[in-house]
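Visitor: I would like to see how this sequence folds:
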Amino acid sequence: MSEESNLNPFTQELVRQLRATDQFGNWSKLSDEELLVKKFVKTKEDLKKIPIIADIDEMLIGEIKMIFKAVALQFERQTGVMCNVVMEMSHEGFGRCIVIADRVVLVDKYFKDAHRFGFRTLDKLYEEGQKYLDKSLEIYEQYKPCREQQS
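Guide: Numbers count the residues shown, from 1 in each chain. Take a look at the predicted model:
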């Protein structure tokens, strides 16, 4: 893992979220990197084992939502503005996740075949998550004048 990844606010929040859900301490011996790999990294070999058409389980839906919760919580920490994560997912893995702050949609992500959701590498997870967070901050600032006019 690169030094820059250690400082990634998104990654820190995602690890906090994962550790908070480990109510029995099953993952306590895993390092942060090992935990993130176990939950979110799927190599080409892993994807070959997953059928093209399959139902998605609730645990995976929760893990996908956790990524967007990490974006929302880190956004809240940086701006002081409360966020909400809304996710709708069919049993077939088709769905949508949005992150909302005030009346502004910060993230709008569509899914198909969500049962195959994952990142090829740990660095790709760090990069994508931080990109969502940076884009959220940028969008919020862009629509700040509109929010102030409506208040």
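Visitor: use CA for all of it now, contacts and neighbours both
Guide: OK.
Visitor: any idea how far Glu45 is from Ala70?
Guide: Remark: distance between Glu45 and Ala70 (C-alpha to C-alpha, to the nearest Å) = 27 Å.
Visitor: When the two are compared, which one has more neighbours?
Guide: Each of Glu45 and Ala70 has its neighbours counted (other C-alpha atoms under 10 Å); Ala70 has more, 24 against 8.
Visitor: Now do the same for that one: its pLDDT.
Guide: Looking at Ala70, its pLDDT reads 96.
Visitor: Help me confirm that it is found in a strand?
Guide: No: counting by DSSP: H, G, I helix; E, B strand; the rest coil, one finds Ala70 to be helix, located in no strand.
Visitor: Could you tell me how far it is located from Glu88?
Guide: 17 Å.
Visitor: which ones are touching the residue nearest the centre of the chain?
Guide: The centre of the chain sits closest to Ile67, judged by C-alpha atoms, centre = their mean, with a distance of 1.6 Å. Neighbouring residues of Ile67 by C-alpha atoms under 8 Å, 6 or more residues apart in numbering: 14, 129.
Visitor: Return the distance of the helix or strand harbouring it from the chain's centre.
Guide: Using DSSP states H and E, Ile67 maps to helix 58-79. How far helix 58-79 lies from its chain's middle: 5 Å, per C-alpha atoms, centre = their mean, to the nearest Å.
Visitor: Quick check: buried residues in that helix?
Guide: Of all the residues in helix 58-79, those buried under the rule 16 or more other C-alpha atoms under 10 Å are 60-61, 63-76.
Visitor: Leu133 and Phe68 touch, don't they?
Guide: No: Leu133 lies out of contact with Phe68 (C-alpha atoms under 8 Å); the separation is 9.2 Å.
Visitor: separation between the nearest residue to Ala54 once chain neighbours are set aside and Ile64?
Guide: Computed as C-alpha to C-alpha, 6 or more residues apart in numbering, the closest residue to Ala54 that is not its neighbour in sequence is Glu92, at 6.4 Å. In this structure, Glu92 and Ile64 are 15 Å apart, going by C-alpha to C-alpha.
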